[in-house]
Every structure is written in structure tokens, then in C-alpha cells.
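Student: Task: produce atomic coordinates for the following.
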Amino acid sequence: MGVYETRESSTARDPQFVGGLVPWALRHDLEALRRHERIREAESETNRTEVALLGSEAKIGKTEREILHHDLS
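Tutor: The predicted structure follows:
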């Protein structure tokens, strides 16, 4: 077996490669982060909508009970 010399990649020292990542990889990571954030925002909005609907259903149920109670008395 031969002995191989290893050296630091010239791209690791190149200032255009941030953190050792090439620009397309940085763009890919940024786009993935944005997608995940949009998903989190959509899920959060869905949760807020569900809570609002549950509150509305509770109010409707209360109103229905009041009407029924009024009709029976």
C-alpha cells in the first residue's frame, strides 16, 4: 500500500465558499430553510383556524342550548 499525501482543499480557503460550501449548496440550504419555514407558518395558521372554529362551534352550541331552553320554558 502506498502512502498518500493529503492537503487542504484550495476551495476551503477560497473566500467565495462560505463555510466550505459552494454557492449552489448555500442556495439549496437557504431554499430548504425557507420551505420548512413556510410549512411551519401554514401549520401554525391551520392550528389558529382550528382553535377559532372550535370556539365558534362552542358559541353556536351555547346559543342553540339557550334557544332550546327558552322554547321549553
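
Student: Doesn't residue 35 belong to a strand?
Tutor: No - the assignment for residue 35 (DSSP: H, G, I helix; E, B strand; the rest coil) gives helix, which keeps it out of a strand.

Student: so where's the protein shaky on pLDDT?
Tutor: 1-21 (pLDDT under 70).

Student: And the residue nearest the centre of it?
Tutor: Note on the chain: the residue nearest the mean C-alpha position is residue 40, at 2.4 Å, using C-alpha atoms, centre = their mean.

Student: Run a quick neighbour tally on residue 22.
Tutor: Residues contacting residue 22 under the criterion other C-beta atoms under 10 Å number 13. C-beta here means a position set from N, CA and C on the backbone, and glycine is covered the same way.

Student: do the same with the one 10 residues further on
Tutor: By the other C-beta under 10 Å criterion, the neighbourhood of residue 32 contains 10 residues.

Student: did I read that right, it in a helix?
Tutor: Yes - note on residue 32: a helix contains this position according to three-state DSSP.

Student: residue ranges of the helices in this protein, please?
Tutor: Using DSSP state H, the helices found in the chain span residues 10-13, 23-72.

Student: What is the longest one packed up against?
Tutor: The one in question is helix 23-72. In this structure, helix 23-72 makes packing contacts with no helix or strand, judged by 3 or more C-beta pairs under 8 Å, 6 or more residues apart in numbering; DSSP states H and E.

Student: Centre of the chain to that helix, how far?
Tutor: 14 Å (C-alpha atoms, centre = their mean, to the nearest Å).

Student: let's number from 19 now, not from 1
Tutor: Fine by me, first position is 19 from now on; the one you just mentioned is helix 41-90.

Student: one step back: quick one: the residue nearest to the centre of the chain and residue 49, what's the gap?
Tutor: Between residue 58 and residue 49 the computed distance is 15 Å (C-beta to C-beta, to the nearest Å).
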